[in-house]
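**Student:** Generate a structure from the sequence data that follows.
(chains A and B)
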Amino acid sequence: MLAAVDIDLALGGSQILDSVTLDLRPGEFVAVLGPNGAGKSTLLSVLSGTREPDTGNVTLDDRPLTSWQPQALARRRAVLPQFSELDFSFRVFEVVQLGRTPHAGRSSRQRDLEIAFAALEATEAVHLADRIYPTLSGGEKQRVQLARILAQLDLPAPAEYPPDRATDRIRYLLLDEPVASLDPAHQHATLGIARNAARQGAGVLAILHDFNLAAMYADRLVLMNRGQVAAIGDAASVLTPALIDAVFNLPVQVMAHPQLDCPYIVPV
Amino acid sequence: MSAHVAVDTQLSFRIQQDRKIRLLWALGALLFLSFLLAVGSGAVAIAPAQLVSILAAQIGIDLPWGYTRREEIVLMAIRLPRAILAIQVGAGLAISGAALQGLFRNPLADPALIGVSAGAALAAVSMIVFGSLIAASLTFLSGPYLLPLAAFAGGLAATWLVYRIANRNGRTDVATMLLAGVAVNAVTTASIGFLIFVSTDQQLRDLNFWLLGGLGGKTWREILPASLFMIAAGAGLSLFARHLNALLLGEGEARHLGFNIEQTKRMIVVLVALTTGASVAITGIIGFVGLVVPHLVRLLIGPDHRVLMPASMLLGAAILLLADLGARTIVLPAELPVGILTSCIGGPFFLWLLLRRRPGGGW
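**Tutor:** As a prediction, the model looks like this:
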């Protein structure tokens, strides 16, 4: 389990995270929602170990993140950045292979190649394999980055289902606005991959802005406001008109999704 | 469809790998030919057979190709040390440039940028202008070592300053470091200008030669100590190829991939300062090799540092050998400072690279 307990963090004099407690359990997909500046990305960077909180602890399998050897941590959790500044002319395939670097010495070249290829296939980006990365569109880049972190975690293939639930093999995916630059079809494809990863035992946390995508895909929703957790729970309990109006200052009406068993939110 | 694409992709990946290996062999061959050409050409021409013969004789092997005593002296005392120096400095500057461009994720980075060249130059110029004063108080140092030692120390001091400025809370901000480098460069350039202003005519000639860079007239005694630094630091830099590849994604991403980024930054800066400091100390400032060579290699095989760094070393060495050959033969019997030649060719060439680059195509 990836757990953050009582996290406080101030940056430049303002309190960005204010006693945030959150855990990410194996097999679940957690969506983090909240207005701009609510502290979502900062929370993600604390969970990934990039930032150390002023007070509070983050632990993976009950061990503080700081005591993890960086490469061992990298084999267990991967982070999808909001955007990647890669500006050098790597080919797409090389970018995905970079995901394999924490496995140096533990994996063969052939195996790395197969895993990287499978990851590209999963994100529907195989046809981009030979392209020069900086020439891709924003959405294509995002899919390649997703493939890179899938290759990093080396999730068990669907064929190996039911998953190996030994705790020390559970992987964690932290996704910072994974669908921001994607077309609607690829938004669903990407969240489908994330949910599949969760179904196979991984713990997945994604920052999302779309209430309906969160309602459709996430098992638990975390609503953040001004550095605090305003609400946490399933879609029906978090996505209420009162909470959304209070946090986003946006009047909405909540309906039932015409086909799926989840709420459907419409601004009014 | 996917099985097909899979085979194609893996095949094309293999082709890419083969290309990288072929490029390394080709650059190795280029360096070998440049070496033969450089040590063979000049007022006394030495044919390859004689070359091999002379070199073999040094380690006690007698080969049937005869050579004259004059050829042996020219090769062993003049051409060979000069060629070895060119190879070291060219390789050192090129791998330093490749490492810094990766570290800063900035294609404009160049060993001079972290202040090492400017610091070395200021120390060397001060030594030339105030040399008699300083040397009198440091009589325990023998003449030929004084200038390179001062330059080396100056280079390290300037880099240390730039690094300290960019370091906050145990983290190095590379953008700040870049800007601090620009500022330190500006101050040292102004100081050098002032020293030039107050120098005598003879000092000015020495100064100029040093500032423009030259490989001539160095003895084994001067070259060997610097070699140690350059070889150790160059080898050290190549250990960071995978770190640099990950860094191109961004610092956060590299950290998430399990690399210790702060240590990597520190080590790369120190190793670049050692390599560049040692080479600038002996040869003066030789521009554009560190900037252009990595670009040229990236154009051929992309930015993978595992190939980029060794390939840059080979190409940098070959280019500096050939540039030095040009510098000492173009205006016979005089000798052109090689730094003039590398900048003269490097500048326009770099412009050409910029012009043919597709917008948004990456570096």
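
**Student:** Secondary structure element holding residue 197?
**Tutor:** In the absence of a named chain, chain A is used. Per DSSP states H and E: residue A:197 is located in helix A:184-199.

**Student:** Actually, chain B is the one I wanted.
**Tutor:** Per DSSP H and E, the secondary structure element for residue B:197 is helix B:174-198.

**Student:** Where does the closest residue to residue A:187 other than its chain neighbours sit: helix, strand or coil?
**Tutor:** Using C-beta to C-beta, 6 or more residues apart in numbering or on different chains and skipping residues adjacent in sequence, the residue nearest residue A:187 is residue A:179, 4.0 Å away. (C-beta placed from N, C-alpha, C; glycine too.) Using DSSP: H, G, I helix; E, B strand; the rest coil, the structure places residue A:179 in coil.

**Student:** Quick check on residue A:179: phi, psi?
**Tutor:** The phi/psi pair for residue A:179 (degrees, to the nearest 10) reads phi -110, psi 10.

**Student:** measure it to chain B for me?
**Tutor:** Plainly put, residue A:179 is 19 Å away from chain B if you go by C-beta to the nearest C-beta, to the nearest Å.

**Student:** List the contacts of that residue.
**Tutor:** With contacts defined as C-beta atoms under 8 Å, 6 or more residues apart in numbering or on different chains, residue A:179 is in contact with A:186-187, A:190-191, A:208, A:210, A:213.

**Student:** before we move on, the earlier item: residues touching the helix holding residue B:197, excluding its own?
**Tutor:** B:103-106, B:109, B:112-115, B:118-119, B:121-122, B:125-126, B:129, B:158, B:161-163, B:165-166, B:204, B:207, B:211, B:251, B:265.

**Student:** mind running it again at 7 Å?
**Tutor:** B:103-104, B:106, B:113-115, B:118-119, B:121-122, B:125-126, B:129, B:158, B:161-163, B:165-166, B:204, B:207 (C-beta atoms under 7 Å, 6 or more residues apart in numbering or on different chains).

**Student:** Now restrict those residues to buried residues only.
**Tutor:** B:103-104, B:106, B:113-115, B:118-119, B:121-122, B:125-126, B:129, B:158, B:161-163, B:165-166, B:207 (16 or more other C-beta atoms under 10 Å in any protein chain shown).

**Student:** number of nearby residues for residue A:199?
**Tutor:** 16 (other C-beta atoms under 10 Å in any protein chain shown).

**Student:** likewise residue B:128?
**Tutor:** Neighbours around residue B:128, by other C-beta under 10 Å: 21.

**Student:** gap between the closest residue to it other than its chain neighbours and chain A?
**Tutor:** Spatial nearest neighbour of residue B:128, excluding adjacent residues (C-beta to C-beta, 6+ apart): residue B:206 at 5.0 Å. Look at residue B:206 and chain A: by C-beta to the nearest C-beta, they are 41 Å apart.

**Student:** Can you tell me what sits against the host helix or strand of residue A:3?
**Tutor:** Taking DSSP H and E as the definition, residue A:3 sits inside strand A:2-11. Outside strand A:2-11, the residues that touch it by C-beta under 7 Å, 6+ apart are A:16-24, A:42, A:46-47, A:51, A:53-60, A:77, A:172, A:203.

**Student:** among the residues you listed, which are in helices?
**Tutor:** Taking DSSP state H, the ones among the contacts of strand A:2-11 that sit in helices are A:42, A:46-47.

**Student:** how about the residues you listed in TSV, adding neighbour count and distance to chain B?
**Tutor:** Listed next are the ones in helices among the contacts of strand A:2-11 as TSV, based on neighbours: other C-beta atoms under 10 Å in any protein chain shown; distance: C-beta to the nearest C-beta, whole Å:
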residue	neighbour count	distance to chain B
A:42	21	13
A:46	23	13
A:47	26	11
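
**Student:** For residue B:29, state which of those residues is nearest.
**Tutor:** Taking C-beta to C-beta as the measure, residue B:29 lies nearest residue A:47 of those, at 51.5 Å.

**Student:** Now do the closest one against residue A:59, distance only.
**Tutor:** 11 Å (C-beta to C-beta, to the nearest Å).

**Student:** next one: residue A:44
**Tutor:** Noted for residue A:44: a distance of 16 Å to residue A:59, by C-beta to C-beta.

**Student:** where do the strands sit along the chain?
**Tutor:** Assuming you mean chain A. For chain A, strands defined by DSSP state E occupy the ranges A:2-11, A:14-24, A:29-33, A:55-60, A:63-64, A:77-80, A:172-175, A:203-207, A:220-225, A:228-233, A:252-256, A:263-267.

**Student:** not quite, I wanted chain B
**Tutor:** Under DSSP E, chain B gives strands at B:167-168, B:171-172.

**Student:** Highest mean neighbour count out of these?
**Tutor:** Mean neighbours per residue, mean count of other C-beta atoms under 10 Å in any protein chain shown, is largest over the strands of chain B for strand B:171-172, with a mean of 16.

**Student:** Centre-most residue in chain B?
**Tutor:** Computing the C-alpha centroid of chain B and ranking residues by C-alpha atoms, centre = their mean puts residue B:93 first, at 1.4 Å.

**Student:** unless I'm mixing things up, that one is touching residue B:279, no?
**Tutor:** Yes - under the criterion of C-beta atoms under 7 Å, residue B:93 makes contact with residue B:279 at 6.3 Å.

**Student:** Can you work out which residues contact both of those two?
**Tutor:** Counting by C-beta under 7 Å, 6+ apart, no residue touches both residue B:93 and residue B:279.

**Student:** The nearest residue to residue A:124 once chain neighbours are set aside: how many residues sit nearby?
**Tutor:** Distances taken as C-beta to C-beta, 6+ apart place residue A:189 nearest to residue A:124, at 6.3 Å, with adjacent residues excluded. By other C-beta under 10 Å, 18 other residues sit near residue A:189.

**Student:** list the contacts for residue B:249?
**Tutor:** Residue B:249 sits next to A:84, A:86, A:98 when contact means C-beta under 7 Å, 6+ apart.

**Student:** ok, now residue B:35?
**Tutor:** By C-beta under 7 Å, 6+ apart, the neighbours of residue B:35 are B:83, B:321.

**Student:** For residue B:83, see how far away it is.
**Tutor:** Distance from residue B:35 to residue B:83, by C-beta to C-beta: 6 Å.

**Student:** Residue B:37 now?
**Tutor:** 10 Å.

**Student:** same thing with residue B:67?
**Tutor:** 17 Å.

**Student:** next one: residue B:12
**Tutor:** 39 Å.

**Student:** can you list the residues of the stretch 201-350 of chain B near chain A?
**Tutor:** Taking C-beta under 7 Å from any C-beta of the partner chain as the measure of proximity, the stretch 201-350 of chain B contacts chain A at B:242, B:245-246, B:248-250, B:252-253, B:255-260, B:298, B:302-304.

**Student:** In the stretch 151-268 of chain A, what residue comes closest to chain B?
**Tutor:** Going by C-beta to the nearest C-beta, chain B is nearest to residue A:152 of the stretch 151-268 of chain A, at 6.9 Å.

**Student:** Low-confidence regions, chain A specifically.
**Tutor:** In the predicted model, chain A carries pLDDT under 70 at residues A:156-168.

**Student:** can you do 50?
**Tutor:** A:159, A:161-162 (pLDDT under 50).

**Student:** quick one on the thing from earlier: so can I have TSV of the strands of chain A showing mean neighbour count?
**Tutor:** Shown next, in TSV, are these (neighbours: other C-beta atoms under 10 Å in any protein chain shown):
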stretch	mean neighbour count
strand A:2-11	17
strand A:14-24	18
strand A:29-33	26
strand A:55-60	17
strand A:63-64	10
strand A:77-80	26
strand A:172-175	26
strand A:203-207	26
strand A:220-225	23
strand A:228-233	16
strand A:252-256	13
strand A:263-267	16
